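Q: output the structure for:
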Amino acid sequence: MTVRVPPALTASHVKWMGAAGRAWSAGLPALAGRYLDEWELRLDGEPRHGVVSLVLPVVLADGTPAALKLQPVTDENATEAPGLRAWAGDGSVLLLDSDPATGALLLERLEADRSLAAVPDAMEALELLTGLLRRLVARPAPEGMRRLADIAQGMLDGVDGALAGLRREDDRRCLRRCAAAVAELLPEPGDRLLHWDLHYENVLAADREPWLAIDPKPLAGDPGFDLMPALHNRWDEVVATGDVPRAVLRRFDLMVDALGLDRRRAAGWTLGRVLQNSLWTVEGGSGELDAVQVAVAEALRLRW
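A: This is a model prediction of the structure:
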């Protein structure tokens, strides 16, 4: 059976990688066919995709449902398989097989249409997500993971250039505050196995457990660096409270208390995520910081 590559996935690869992205997308049917044959898989439904990955529902030779994930290897996802292997399904999707040379992953099948984003109560969703995060960061990072220390130093190295690209003094002041927090915490970057992108759509319903985390970008570091995605996702519900700082801090405090983190350190590393996101914004050509990122940073001044 020929694998159909969704046009939106091809468009995404072309947007981010140009001709190389188009070529990679064009090679996906052959790549999928290779693993369908090598891993004795049978297609079992329509393909799905993210920004860079193609996910095919498949069935193993013994009839077990699974998912074949194909993605180009990058610095961010090169540690996905080792991270999933370290978690061994404890709070995360289970890794069944992988090929580090191509980035191909064979994963436990989850319910792709049911994520924590659909749980009506935002705080209930946050409690469920935080419960998973507590299990994930309980593990020390295995050898070979990217290190928060290196990422944070790289961020600090890019601050001066980003400051020059910002038009507003308020934005420059925010960026400096975030950089100062990272500089203070950098000597103790932590050694836990972090997910890095644990937001509500990256937690799916499952048969083995009610909810499991997917799509990690693992690295070794302080658990405080893992809080930000849950703070700024479902942002409309933060705004709807009428008191943005209070709503941000309610989320932040719930996570910090449940994880048993030092409040100030967690605030500092969350400001580090604001710094990281803001540097990406400036690198993308914007002369202004994202308003949501600034709002989170302003709220966390009360904890830092």
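Q: could you give the separation of the strand or helix carrying Met123 from the chain centroid?
A: Using DSSP states H and E, Met123 sits within helix 122-136. From the chain centre to the centre of helix 122-136 is a distance of 15 Å (CA atoms, centre = their mean, to the nearest Å).
Q: swap in stretch 168-179?
A: 24 Å.
Q: tell me the buried residues in it?
A: Using 16 or more other CB atoms under 10 Å as the test for burial, stretch 168-179 gives Asp171, Arg172, Cys174, Leu175, Arg177, Cys178, Ala179. Just so you know, the C-beta spots here come from the backbone N, C-alpha and C atoms, and that holds for glycine as well.
Q: what sits up against that stretch?
A: 155-156, 159, 162-163, 166, 271-272, 274-275, 278, 288-289, 294, 297-298, 301 (CB atoms under 8 Å, 6 or more residues apart in numbering).
Q: quick one: buried ones out of these?
A: 155-156, 159, 162, 166, 271-272, 274-275, 278, 289, 294, 297-298.
Q: can you pick out the most distant pair from those residues?
A: The largest separation in these, counting by CB to CB, is between Leu156 and Glu298 at 21.1 Å.
Q: where do the helices of the stretch 201-304 of the chain begin and end?
A: Using DSSP state H, counting those that start in this stretch, the helices of the stretch 201-304 of the chain run over 228-232, 235-240, 244-259, 263-283, 291-300.
Q: okay if I get those as a markdown table plus distance to Leu84 and mean pLDDT?
A: Listed next are the helices of the stretch 201-304 of the chain as a markdown table, based on distance: least, CB to CB, whole Å; pLDDT from 0 to 100:
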| stretch | distance to Leu84 | mean pLDDT |
| --- | --- | --- |
| helix 228-232 | 18 | 97 |
| helix 235-240 | 28 | 97 |
| helix 244-259 | 21 | 98 |
| helix 263-283 | 22 | 98 |
| helix 291-300 | 28 | 98 |
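Q: export those helices as TSV, with columns for distance to Asp75.
A: Converted to TSV, those look like this (distance: least, CB to CB, whole Å):
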stretch	distance to Asp75
helix 228-232	19
helix 235-240	28
helix 244-259	26
helix 263-283	14
helix 291-300	22
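Q: and of these, who's closest to Ala19?
A: helix 263-283 (21.3 Å).
Q: centroid-nearest residue for the protein?
A: Asp197 (1.7 Å; CA atoms, centre = their mean).
Q: that residue and Ala213 touch, don't they?
A: No. The criterion here is CB atoms under 8 Å, and Asp197 misses it with Ala213 at 9.3 Å.
Q: quick one: contacts of stretch 81-94?
A: So stretch 81-94 is contacted by 95, 98, 100, 105, 107-108, 110, 132-133, 135-136, 139, 141-142, 144-145, 193, 195, 204, 206, 208-209, 212-214, 216, 218 (CB under 8 Å, 6+ apart).
Q: right, I mislabeled it, should have said stretch 129-147
A: Contacts for stretch 129-147 (CB under 8 Å, 6+ apart): 75, 79, 82-83, 86-87, 90-92, 116, 189, 191-195, 198-200, 203, 211-213, 216, 218-221, 223, 226, 230, 254-255, 258-259.
Q: ok, stretch 188-199 next?
A: Residues from elsewhere that reach stretch 188-199 (CB under 8 Å, 6+ apart): 76, 83, 86-87, 92, 129, 132-133, 136-142, 145, 147-149, 152, 202, 213, 215-226, 229-230, 233.
Q: what's the answer for stretch 232-251, then?
A: Residues contacting stretch 232-251 (CB under 8 Å, 6+ apart): 117, 122-123, 125-126, 199-201, 230-231, 292-293, 295-296, 298-300, 302-303.
Q: what residues of the host helix or strand of Leu84 count as buried?
A: Assigned by DSSP H and E, Leu84 falls within helix 80-87. Within helix 80-87, the residues that qualify as buried are Glu80, Ala81, Pro82, Gly83, Leu84, Ala86, Trp87, counting by 16+ other CB under 10 Å.
Q: now stretch 249-259
A: Buried residues in stretch 249-259 (16+ other CB under 10 Å): Leu249, Arg250, Arg251, Phe252, Met255, Val256, Leu259.
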